[in-house]
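**Q** Could you work out the structure for the sequence below:
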Amino acid sequence: MNDFYTITLRVFHPAGCYEDMETSLRMSANIGHTAGTSRKTPTGDPLSGVYKQTAASFNLVEKTPGYLVDGIGGVLSLLHPHRDYFFRVVQEGGRVALYVGVFFEVMSGLCLDVELMSSLVDMNIELEVEYFEAP
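**A** Below you'll find the model as predicted:
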């Protein structure tokens, strides 16, 4: 089997600026925008309207072969020092999520054990999983 996965941290907040997210997490966002600023395409062309919330996306694991659950465990260990920040984001009306892309050649699945799910809950992190058939 030739499964691959990617893991991205996504942080959403009703106000503030995404640069503050970068500072708090000590990471550089690959995508970010601030509530109230003009919307743009990924190439920088203007769109109508403004962003309704602040958001930042941080690539944590590039396309990596292996079992996704092992990767999530490693990422959660890395993110644990930011637990209080994640709690504050959620308390202020935002949300924090791990977005996971799974690329597979044949039917695939996963099982999150109680310890892994408890870690996600303890840090107020949602899990978003999207499956893709590998080309």
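
**Q** For stretch 105-125, give me every contacting residue.
**A** Contact with stretch 105-125 is made by 1-3, 67-69, 72-73, 76, 79-80, 82-83, 86-87, 89-90, 96-98, 102, 126-127, 129, 131, 133-134, as judged by C-beta atoms under 8 Å, 6 or more residues apart in numbering. Quick note: C-beta positions are derived from backbone N, CA and C, even for glycine.

**Q** What's the end-to-end length of that stretch?
**A** Its start and end residues considered, stretch 105-125 measures 28 Å (C-alpha to C-alpha, to the nearest Å).

**Q** Now do the buried residues in that stretch.
**A** 108, 112, 119-120, 123-125 (16 or more other C-beta atoms under 10 Å).

**Q** Now, those residues that are in strands?
**A** I125 (DSSP state E).

**Q** what residues does whichever helix in the chain runs longest touch?
**A** What stands out as the longest helix in the chain, according to DSSP state H, is helix 68-79. Applying C-beta under 8 Å, 6+ apart, the contact partners of helix 68-79 are 3, 5, 7, 9, 60-61, 64, 86, 98, 100, 102, 110-113, 116, 119-120, 123, 125, 127, 129.

**Q** Give me the subset of those residues that lies in helices.
**A** Short answer: the contacts of helix 68-79 in helices (DSSP H) are 86, 116, 119-120.

**Q** would you turn those residues into CSV with distance to G49 and pLDDT?
**A** Listed next are these as CSV, based on distance: C-beta to C-beta, whole Å; pLDDT from 0 to 100:
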residue, distance to G49, pLDDT
F86, 28, 97
L116, 38, 91
S119, 37, 93
L120, 33, 94
